[in-house]
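**Student:** Sequence and computational prediction follow.
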Amino acid sequence: GAVVSQHPSRVICKSGTSVKIECRSLDFQATTMFWYRQFPKQSLMLMATSNEGSKATYEQGVEKDKFLINHASLTLSTLTVTSAHPEDSSFYICSATRGTALDQYFGAGTRLSVL
Amino acid sequence: GESVGLHLPTLSVQEGDNSIINCAYSNSASDYFIWYKQESGKGPQFIIDIRSNMDKRQGQRVTVLLNKTVKHLSLQIAATQPGDSAVYFCADLIGRGGKLIFGQGTELSVKP
């Protein structure tokens, strides 16, 4: 089956620092990757759609300058949370698709805690 | 699905019983509906999907029912097992290339 690896699985950082999260498709080339955020006991909220070699498309209300997305290859997308603050603490999940949004494979998520 | 940011509803069932998890969606233009299982601290795992032109689809121990008239989706799990304990989300999609919109989710707890 298709495997999506997300790293790190957990990160604790100080307020004001930046954190980079990696999302890799291990055994397939991902045309599109998606980034979601999930607060405790809540649903997944799509943050942005990332296509290899082009700028990410951000959902309404998501600050593109705060959540930098780079999709440099067909197997790697990164999300950088810049100048993180405690309210950015959340569970960040990526997914990758081989073709359509219907065939999304999810990473295991990254738990970000900003102190 | 339409997430409203509320705390998750919970469903508690006895091992061996059948579980029914419900979901309401808002977009009548949705083409696909998908059920995901999310265990604590993990990403969502695909369970089953159904296209909007169907009203029922069965998988292994799971059945999804779609009622477009009332915009309602349900997931039935037969002979629920402790390993089924997780949060279940419905999601809908407009077109195969669209965006997944996740519903609120239901936390299923299976008592041995």
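**Tutor:** Now that the structure is in, tell me what you want to look at. Residues are numbered from 1 along each chain as shown, chains lettered A, B, ... in the order given.
**Student:** which bits of chain A sit near chain B?
**Tutor:** A:4, A:6, A:34, A:39, A:41-46, A:49, A:93, A:95, A:99-102, A:104-109, A:111 (CB under 8 Å from any CB of the partner chain). C-betas here are computed from N, CA, C, even on glycine.
**Student:** Can you flag the buried ones in those?
**Tutor:** For the residues of chain A next to chain B, a burial check counting by 16 or more other CB atoms under 10 Å in any protein chain shown picks out A:4, A:6, A:34, A:42-46, A:49, A:93, A:95, A:101-102, A:104-107, A:109.
**Student:** Now, the residues of chain A next to chain B that are in strands?
**Tutor:** A:4, A:6, A:34, A:44-46, A:49, A:93, A:95, A:104-106, A:111 (DSSP state E).
**Student:** which residue is nearest the middle of chain A?
**Tutor:** A:Trp35 (3.7 Å; CA atoms, centre = their mean).
**Student:** low-scoring stretches of chain B, by residue?
**Tutor:** B:1-7, B:96 (pLDDT under 70).
**Student:** can you give me the strands in it?
**Tutor:** Along chain B, counting by DSSP E, strands occupy B:10-14, B:19-24, B:32-38, B:45-51, B:56-58, B:62-67, B:72-77, B:86-93, B:101-102, B:106-111.
**Student:** From those, pick the one with the highest average neighbour count.
**Tutor:** Each of these was scored by mean neighbour count; the highest is strand B:86-93, a mean of 24, by mean count of other CB atoms under 10 Å in any protein chain shown.
**Student:** and that strand, which strands flank it?
**Tutor:** Strand B:86-93 pairs in its sheet with strand B:32-38 (antiparallel), strand B:101-102 (antiparallel), strand B:106-111 (antiparallel), by DSSP bridges.
**Student:** Export these as CSV, with columns for distance to A:Cys23.
**Tutor:** Below are those laid out as CSV (distance: least, CB to CB, whole Å):
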stretch, distance to A:Cys23
strand B:32-38, 17
strand B:101-102, 18
strand B:106-111, 26
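**Student:** Would you mind telling me which of those strands is nearest B:Tyr25?
**Tutor:** Closest to B:Tyr25 of these is strand B:32-38 (CB to CB; 7.1 Å).
**Student:** residues in contact with that closest one?
**Tutor:** A:102, B:21, B:25, B:44-52, B:62, B:64, B:66, B:73, B:75, B:84, B:86-93, B:96, B:100, B:102, B:105 (CB atoms under 8 Å, 6 or more residues apart in numbering or on different chains).
**Student:** for stretch B:91-101, same thing?
**Tutor:** Taking CB under 8 Å, 6+ apart as the rule, stretch B:91-101 contacts A:34, A:46, A:49, A:99-102, A:104, B:1-3, B:25, B:27, B:29-36, B:102-103.
**Student:** Swap in 6 Å and give it another go.
**Tutor:** With CB atoms under 6 Å, 6 or more residues apart in numbering or on different chains as the test, stretch B:91-101 has contacts from A:46, A:100-102, B:1, B:25, B:29-34, B:102.
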